[in-house]
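In: Need a 3D model of the sequence below.
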Amino acid sequence: MKKPFLCLVLLVPIFCFGESRMERDEHPIIGGSPLQSQEAPWLAWVVIPKNNEQAISCTGSLIDPYWVLTAAHCFDESNGDPALVKFGEFIGTGETRSSRAINLHPDYDFHAYDVALIELDRPVHVDPIPLSLREPIVNDPVTLMGFGKDETGNSPVSTARKGDATALLWSFCADHFPMNVEQVCVGSGAFVGVGDSGGPLLVRTGQDHWNQIGVIHTLVSSRAGAPSFGGITIATKVSAIHEWLSEYTSIHRDDDLGDTDSPQDPPVQDVPREFLESVSKHWVIPTSVNSPGRFGGIFKTSLILWNSHRDKELTVTASLYGSKGLVDEKPIQLKPMTYSNFPNFLENIFDYQGGGALELTSPDPFSVSRVEVYIDTDSGRNITVVSALPFPLRPYSTPTLALGVTVNEDYRTNIGVFNASPSRQVIMATIYRPSNKLQEIKFDLPAKSWSQKSISVQLKNGFVIWNSPNDLQSYYPYIVEVDNESQDGTLTYPIPLSE
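Out: Numbering: from 1, shown residues only. As a prediction, this is how the structure comes out:
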């Protein structure tokens, strides 16, 4: 997939001691609202001295009475003097501490493991923010907090701010932005600005109560003139650094780090590492195929089902949906603590030729992984990865956007939709280059049905917006770009747009 030009926005403002404001910057925080008193007393404003009587401002969070978690890149230009750390939602009203030591993650290089621990000179008398190993999946709501710029461009703000966003698909972000496996990306809502580096990425556990699941790394934004879908924030996952945290802080056991599973998914024992984030009772694979290729061979869909329960056999119901609705439904038995590899799922389970969407359900959680569409030819195996990482997709109910679309003599592109709602939907896919509308593709989809169509116009680094003349309901859009020479494909999922 061709990747659009993008910007990485460093979120560390520089100011001079004695001045009343930070230097201005082109990337203010967008969205969100000021925090209320006692909403986040554990939130920290971190001031790091530089040379020439200047300093850097970042955000952090108290995770232990002696320790603050923040971003490592905040210290890239530190002169080595102690950092000043102020706590509470309002600058100047909470407790103030100095740093005794700064510990950067041993694997830090800005683009990876951008986390640091500040050891304080004495303890802070507020409750630390609970940490959680939970990893958000697509469309999960999350909250960002920080002392960065507000919409007016003031930085730092006198009151910290919070904003809601949505977890995005990791593979989409990895296709378009520099991403590592220890990171998560969020968007379609508030996004961070200068001064928010090191701030917490949170999931709500109750009214004004959160668990921290990540540390804000940076903001990425597309080039000027590209469609506006808001900023995307990248954060380092707590689950990727909890062992390192335990080496320094008083947190020594995983159960001190909060929940490891989403509320609907109970814990699973003895799951291999590659399946750690994959348990769910409901999975959707929006495209699958068992049909002849245009240059010979058969396109097939392979996948793995995993039952991690020690003493429970699972029955997984596999439902196949085509252009007119339900094609077939079959039960699959999974023995305890075993996985089943299906090299041609549509033929193995349904004895079916054609394409469609798959829905896999069970009363108990199970895992799906390594979903691939592939074809074996004389020149070898060509693969389109449908799901490289084992996580359940969530449906969209708002307009969506896919970037970097190319159709020419080198690449062909198909777009598809699975209508997961119980009623008919008309969904329009509009293709642009970059601001000119080139083609509209109409999907008139019965309840629980699937369709895939080709983009017929030629374009380079264009984009597709999915929308509807009516209220959008539950749907799964996707786009497949195939290299005409190698026959390898790239499947990506769009990101949600605000209404």
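In: Show me which positions of the longest strand anywhere in the chain end up buried.
Out: Longest strand in the chain, counting residues (DSSP state E): strand 354-377. Within strand 354-377, the residues scored as buried using 16 or more other Cβ atoms under 10 Å are 355-360, 362, 364-369, 371-375. Just so you know, the C-beta spots here come from the backbone N, C-alpha and C atoms, and that holds for glycine as well.
In: For it, which strands pair with it and how are they oriented?
Out: Paired neighbours of strand 354-377 in the sheet (DSSP bridges): strand 280-292 (antiparallel), strand 298-307 (antiparallel), strand 314-322 (antiparallel), strand 380-387 (antiparallel).
In: can you tell me which of the ones you listed the model trusts least?
Out: If you rank these by mean pLDDT, strand 380-387 sits at the bottom with a mean of 73.
In: what's next to it, contact-wise?
Out: Strand 380-387 is contacted from outside by 171, 285-288, 301, 368-375, 393, 480, 482, 486-491, using Cβ atoms under 8 Å, 6 or more residues apart in numbering.
In: Please identify which of the strands paired with strand 354-377 is closest to Pro106.
Out: When these are compared by Cβ to Cβ, strand 380-387 sits nearest Pro106, at 31.2 Å.
In: Show me what whatever helix or strand comes next after the closest one packs onto, helices and strands only.
Out: Using DSSP states H and E, the next helix or strand after strand 380-387 towards the C-terminus is strand 400-407. On a contact count with 3 or more Cβ pairs under 8 Å, 6 or more residues apart in numbering; DSSP states H and E, strand 400-407 meets helix 170-176, strand 411-419, strand 459-467, strand 475-483, strand 495-496.
In: Indicate which one of the ones you listed is closest to Gly163.
Out: Closest among the helices and strands packed on strand 400-407, once you apply Cβ to Cβ, is strand 495-496, at 15.6 Å.
In: for the closest one, packing partners?
Out: strand 400-407.
In: can you state the direction angle for the strand it packs on and strand 475-483?
Out: 20 degrees (axes from the mean of the first three to the mean of the last three Cα atoms, to 10 degrees).
In: what's the spacing between strand 400-407 and its chain's center?
Out: 18 Å (Cα atoms, centre = their mean, to the nearest Å).
In: ok, now stretch 486-499?
Out: Distance of stretch 486-499 from its chain centroid, counting by Cα atoms, centre = their mean, is 14 Å.
In: Would you map the strands across the stretch 201-350 of the chain?
Out: In the stretch 201-350 of the chain, the strands defined using DSSP state E, counting those that start in this stretch lie at 209-222, 232-237, 280-292, 298-307, 314-322, 325-334, 338-342.
In: Can you lay out these as CSV showing mean neighbour count and distance to Ile431?
Out: CSV is the format used below for the strands of the stretch 201-350 of the chain (neighbours: other Cβ atoms under 10 Å; distance: least, Cβ to Cβ, whole Å):
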stretch, mean neighbour count, distance to Ile431
strand 209-222, 24, 17
strand 232-237, 26, 22
strand 280-292, 20, 19
strand 298-307, 21, 24
strand 314-322, 19, 24
strand 325-334, 15, 27
strand 338-342, 15, 34
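In: out of those strands, nearest to Met179?
Out: Closest of the strands of the stretch 201-350 of the chain to Met179 is strand 232-237, at 6.7 Å (criterion: Cβ to Cβ).
In: Return the list of strands paired to that closest one, each annotated with direction.
Out: Strand 232-237 pairs in its sheet with strand 183-187 (antiparallel), strand 209-222 (antiparallel), by DSSP bridges.
In: Now tell me which of those the model trusts least on average.
Out: Looking at these, the bottom one is strand 209-222 with a mean of 81.
In: between that one and strand 459-467, how many degrees?
Out: Inter-element angle recorded for strand 209-222 and strand 459-467: 140 degrees (by the same axes, to 10 degrees).
In: Please put the alpha-carbon coordinates of strand 209-222 into CSV.
Out: Taking C-alpha atoms only, strand 209-222 is exported to CSV below (Å, rounded to 0.1, in the frame of the first residue of the first chain):
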residue,chain,number,x,y,z
HIS,A,209,-12.4,7.0,37.7
TRP,A,210,-9.9,5.7,35.2
ASN,A,211,-7.2,3.1,34.8
GLN,A,212,-4.0,4.1,32.8
ILE,A,213,-3.3,1.8,29.8
GLY,A,214,-0.8,3.9,28.0
VAL,A,215,1.7,6.8,27.9
ILE,A,216,1.3,9.5,25.2
HIS,A,217,4.2,9.3,22.7
THR,A,218,3.4,11.7,19.9
LEU,A,219,0.8,13.1,17.4
VAL,A,220,0.8,12.2,13.7
SER,A,221,-1.0,14.1,11.1
SER,A,222,-1.5,13.8,7.3
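In: Name the next helix or strand downstream of whichever strand or helix holds Ile427, please.
Out: Element membership for Ile427 (DSSP H and E) is strand 425-433. Toward the C-terminal end, the helix or strand that comes next after strand 425-433 (DSSP H and E) is strand 436-445.
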